[in-house]
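Asker: what's the 3D shape of this:
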Amino acid sequence: MKTKLIPLFVLLLFAGCQSKSKTSPEQQPLVGTDRDAKGCIGSAGYVWSDLRQECIRPFEAGIALQPAHTTPGQAVFAAYLVFAQDSGKVEVFMQDGKNVILDRLTNVPENNIWQNGQQKLVVSKTANEWNISQNGTVVYLKK
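Answerer: Reported below is the predicted structural model:
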């Protein structure tokens, strides 16, 4: 009796090992094929930098700042500062996905302020603290 059950057990074992996928490998999207219009792979964290004219990962190339004010239970999204080689400009990446390029002010003695009058956005550094202000209110910071 045991010898008759062994082939049945082996058959069931192999039947259970078959793929349960309903789509063929040809129908499954390949990893890294989600390039945007600029050629950046969003699923890998890449976005286009207008300042650097290349795909970057802001969380690697930039400085992360956290929201100045949070509400318990609310999702927290960081902002990132990506600087030009000479620090004359900074590109700000925020939650809305609209990156903004700010110019460094040259008439400020400390020379650690970047701003864009149209957006009412200011990036500043004092001692060891970075701030992003919008309409005069600090919205992101890093201490």
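
Asker: Residue 65: helix or strand, and which one exactly?
Answerer: Per DSSP states H and E, residue 65 falls inside strand 63-67.

Asker: Same question for residue 71.
Answerer: Residue 71 is part of no helix or strand, with elements assigned from DSSP H and E.

Asker: ok, now which ones touch it?
Answerer: By C-beta atoms under 8 Å, 6 or more residues apart in numbering, the contact list for residue 71 is empty. Using the backbone N, CA and C atoms, a C-beta is placed for each residue, glycine as well.

Asker: one step back: which helices and strands sit right next to the strand holding residue 65?
Answerer: Applying 3 or more C-beta pairs under 8 Å, 6 or more residues apart in numbering; DSSP states H and E, we find strand 63-67 packed against strand 79-83, strand 129-134, strand 137-142.

Asker: Mind checking the pLDDT average for the last one?
Answerer: Confidence over strand 137-142 (mean pLDDT, whole number) is 93.

Asker: how near is the residue most central in space within the chain to residue 70?
Answerer: Geometric centre of the chain, nearest residue: residue 45, 5.1 Å, by C-alpha atoms, centre = their mean. From residue 45 across to residue 70, the span is 23 Å (C-beta to C-beta, to the nearest Å).

Asker: if we look at stretch 129-143, which residues are touching it?
Answerer: Residues contacting stretch 129-143 (C-beta under 8 Å, 6+ apart): 63-69, 78-79, 81, 92, 94, 119-125, 128.

Asker: Go through that stretch and flag the buried ones.
Answerer: 130, 131, 132, 133, 138, 139, 140, 141, 142 (16 or more other C-beta atoms under 10 Å).

Asker: surely residue 51 meets residue 81?
Answerer: No. The criterion here is C-beta atoms under 8 Å, and residue 51 misses it with residue 81 at 10.5 Å.

Asker: and for these two, which residues touch both?
Answerer: Between them, residue 51 and residue 81 share the contacting residues 90, 91, judged by C-beta under 8 Å, 6+ apart.
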